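Chemist: My questions concern the predicted model and sequence given below.
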Amino acid sequence: MSAIFDAHMHVGEFPLFDVRLDRDGLVELMAANRIDSCLVFHPDNEYVRGVVEDVPGAYGLVWANPRLPGFLGQAEELLDHPRFLGVKLHPLLDGYHPNDPIVHPLAALLAGRGLPVLVHCGHPIFTLPWSIEELARSFPTLRVVLGHMGHGNVVYINASIDVAERNPHVYLETSGMPMHTKIREAVRRAGPNRVLYGSDAPFHHPEVEIRKVELSGLEPDLVERVLSLNGRLLFFGDERASAPVGPVRG
């Protein structure tokens, strides 16, 4: 079994939720759970920069809030950094529609660079899968990851799988979604390369999230795809890579 690629981890403080994960805590979680590569993010992108420059195997997604002045320039600058591999959008916390025109310049930038966007998915009013699908359809070359693949509501989980099945550039990420059998369904319907593991640490524990994939009913080779290979293929450009394969990732 390959080492694990965790596509969804947070670092820093989240007072609203009373959770936190610092640099040392991240290193400990990675070591304890066979994670050799991970993606981390936080609204404070400079904090994330410090972590990813210091922790081997940790890479960043730029937390972009299109309601803030200068967000596009900041995102563009950070995406020039070799340890930032895409963007995280949280329309629910930051308060905008995923396909609002204010998002479009960022989406065009990412599509032009061949970099993915991970969008929080599963809560009204701004992060329902159908709303994120509107963004995906507006930018058919932009690879869009539905973070949490609908989260805790089976209606949104089913809809997320539907969206991925309809749109070959949409991916599903498993963190925080409680129904282990839906991971197997997602792989069957969306395809073996478009479902990837994430933990949502420290909101969820990697050990729990890993077991969910292992107990999903997938064959061992597909468990490996979800836990390791698919994340590497999407973000590193090679399913066996332990780091991005080059400056052009697409």
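Modeler: That came through fine. Numbering: from 1, shown residues only.
Chemist: confidence score at Pro101?
Modeler: Looking at Pro101, its pLDDT is 98.
Chemist: so what does the host helix or strand of Ile210 touch, helix or strand wise?
Modeler: Under the criterion of DSSP states H and E, Ile210 resides in helix 206-214. Here helix 206-214 touches strand 4-10, helix 23-32, helix 180-190, going by 3 or more CB pairs under 8 Å, 6 or more residues apart in numbering; DSSP states H and E. (Each C-beta comes from the backbone N, C-alpha and C, glycine too.)
Chemist: Could you tell me the angle between the direction of that helix and that of helix 23-32?
Modeler: Helix 206-214 and helix 23-32 are oriented at 40 degrees to each other (axes from the mean of the first three to the mean of the last three CA atoms, to 10 degrees).
Chemist: Counting neighbours, which bits of helix 206-214 end up buried?
Modeler: Pro206, Glu209, Ile210, Lys212, Val213, Glu214 (16 or more other CB atoms under 10 Å).
Chemist: The first one contacts Asn33, correct?
Modeler: Yes: contact between Pro206 and Asn33 holds when scored by CB atoms under 8 Å: they sit 4.1 Å apart.
Chemist: burial measure for Leu215, as a count.
Modeler: For Leu215, the neighbour count with other CB atoms under 10 Å is 13.
Chemist: Actually, Gly73.
Modeler: 9.
Chemist: Which secondary structure element is home to it?
Modeler: Assigned by DSSP H and E, Gly73 belongs to helix 71-79.
Chemist: The closest residue to Phe236 other than its chain neighbours in helix, strand or coil?
Modeler: Among residues not flanking Phe236 along the chain, Pro244 sits closest, at 5.0 Å (CB to CB, 6 or more residues apart in numbering). The local conformation at Pro244, judged by DSSP: H, G, I helix; E, B strand; the rest coil, is coil.
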